[in-house]
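> got a structure for you, letters missing:
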């Protein structure tokens with residue numbers, strides 16, 4: 001059993017932070033799910049094991065040594081994961097994936113696409129060198145308001161310029177990272193349309209891909225998808241959990257989120273499709289339950 005539990009620093013009163021408790025809870029739940037699917041053969045009984053012909057799109061956020069229950073993967077773990085991917089899968093760019101969706105899906109069946117949401121600066125310092133080492137393409141979805149010349153926790157223009165010359169592509173993640181389903185229609189249009197135009201001006205290149213902020217099915221709706229299409233994007237990524245068949249909606253692509261609390265065994269199972277059962281967490285019922293739980 002792969003168990004490797006860490007804790008964040010304690011507060012001044014000596015009690016564990018709520019972040020630590022949340023981290024521990026997620027870790028325990030994932031270990032239980034991982035072992036249930038492994039030792040009961042659940043994925044074989046239910047047919048949830050990966051169809052080798054499906055496209056897998058991975059979601060990363062921050063690559064650093066800071067413990068966060070959702071968004072951070074350490075550089076060491078990231079390198080280990082990339083090595084595993086290199087030994088077992090073909091890595092392609094998001095652009096190639098979308099082109100082949102429309103022309104020759106068999107060419108990309110079973111391949112992996114690597115994506116990052118938010119555009120943290122550590123993507124440049126910690127992820128980019130490892131991606132170059134393995135000659136892997138990746139797409140980073142940028143929040144246009146956060147792109148500065150320098151001095152930010154987010155990627156700077158000089159960093160972006162270097163990366164885009166070395167196999168890294170960029171997409172839009174809106175202007176300000178608001179949940180689109182909660183905004184009036186005119187604000188949704190502004191977040192989607194203007195972010196594309198701003199990034200195209202800043203980067204001096206086309207921005208064709210989009211990622212919905214947060215990205216569960218409760219965070220965008222059919223009207224949002226139609227706006228993305230109208231703004232001339234070629235695809236959009238959600239964070240609904242799962243893989244993509246040749247009949248997938250390229251404006252609501254599913255992704256496999258990689259998190260701090262994922263053990264290496266769990267990471268491998270995610271790529272293998274053994275945890276496709278986790279798609280239940282994208283239902284509206286589960287999302288409401290989650291919001292209630294974390295308010296407690």
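Okay, I see it. Computed from a predicted structure; not experimentally measured. Numbering: from 1, shown residues only.
> so residue 202 makes contact with residue 157?
Yes. Under the criterion of C-beta atoms under 8 Å, residue 202 makes contact with residue 157 at 6.3 Å. Using the backbone N, CA and C atoms, a C-beta is placed for each residue, glycine as well.
> Common neighbours of those two, please.
residue 147 (C-beta atoms under 8 Å, 6 or more residues apart in numbering).
> which one of the two has more residues nearby?
For residue 202 versus residue 157, the count of surrounding residues by other C-beta atoms under 10 Å is larger for residue 202: 18 against 13.
> ok, the more buried one to residue 75 distance?
From residue 202 over to residue 75 the distance is 27 Å, taken as C-beta to C-beta, to the nearest Å.
> now do residue 207
Taken as C-beta to C-beta, the span from residue 207 to residue 75 is 28 Å.
> which one of these two has more residues nearby?
Neighbours were counted for residue 207 and for residue 75 using other C-beta under 10 Å; residue 207 has more, 25 against 16.
> For residue 84, see how far away that one is.
Taking C-beta to C-beta, one finds residue 207 at 31 Å from residue 84.
> Secondary structure class of residue 249, three-state.
When classified by DSSP: H, G, I helix; E, B strand; the rest coil, residue 249 comes out as coil.
> Now do the SS call for the closest residue to it other than its chain neighbours.
Leaving out its chain neighbours, the residue that sits closest to residue 249 by C-beta to C-beta, 6 or more residues apart in numbering is residue 225, at 7.8 Å. Recorded secondary structure, residue 225: helix (three-state DSSP).
> So which residues of the stretch 1-150 of the chain form strands?
Counting by DSSP state E, counting those that start in this stretch, the segments of the stretch 1-150 of the chain that form strands are 56-60, 62-63, 72-73, 112-118, 138-142.
> would a markdown table of the ones you listed with mean neighbour count, mean pLDDT and distance to residue 176 be doable?
What follows is these, written out as a markdown table (neighbours: other C-beta atoms under 10 Å; pLDDT from 0 to 100; distance: least, C-beta to C-beta, whole Å):
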| stretch | mean neighbour count | mean pLDDT | distance to residue 176 |
| --- | --- | --- | --- |
| strand 56-60 | 23 | 98 | 20 |
| strand 62-63 | 23 | 96 | 19 |
| strand 72-73 | 22 | 94 | 22 |
| strand 112-118 | 24 | 98 | 12 |
| strand 138-142 | 25 | 99 | 12 |
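> For those strands, give me JSON lines that also has distance to residue 258.
Shown next, in JSON lines, are the strands of the stretch 1-150 of the chain (distance: least, C-beta to C-beta, whole Å):
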{"stretch": "strand 56-60", "distance to residue 258": "5"}
{"stretch": "strand 62-63", "distance to residue 258": "10"}
{"stretch": "strand 72-73", "distance to residue 258": "6"}
{"stretch": "strand 112-118", "distance to residue 258": "9"}
{"stretch": "strand 138-142", "distance to residue 258": "13"}
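> These: which one's closest to residue 131?
strand 138-142 (5.5 Å; C-beta to C-beta).
> wait, which of the strands of the stretch 1-150 of the chain is closest to residue 266?
Taking C-beta to C-beta, strand 72-73 is the member of the strands of the stretch 1-150 of the chain nearest to residue 266, at 12.1 Å.
> Which strands or helices does that closest one pack on?
If you count contacts as 3 or more C-beta pairs under 8 Å, 6 or more residues apart in numbering; DSSP states H and E, strand 72-73 packs onto strand 62-63.
> hmm, try it at 10 Å
When contacts are defined as 3 or more C-beta pairs under 10 Å, 6 or more residues apart in numbering; DSSP states H and E, strand 72-73 sits against strand 62-63, helix 75-88.
> Check the average confidence over the longest one, would you?
Per-residue confidence for helix 75-88 averages out to 98 on the pLDDT scale.
> Next, the buried residues of that helix.
Neighbour-count burial for helix 75-88, counted by 16 or more other C-beta atoms under 10 Å, picks out 75, 77, 78, 79, 81, 82, 85.
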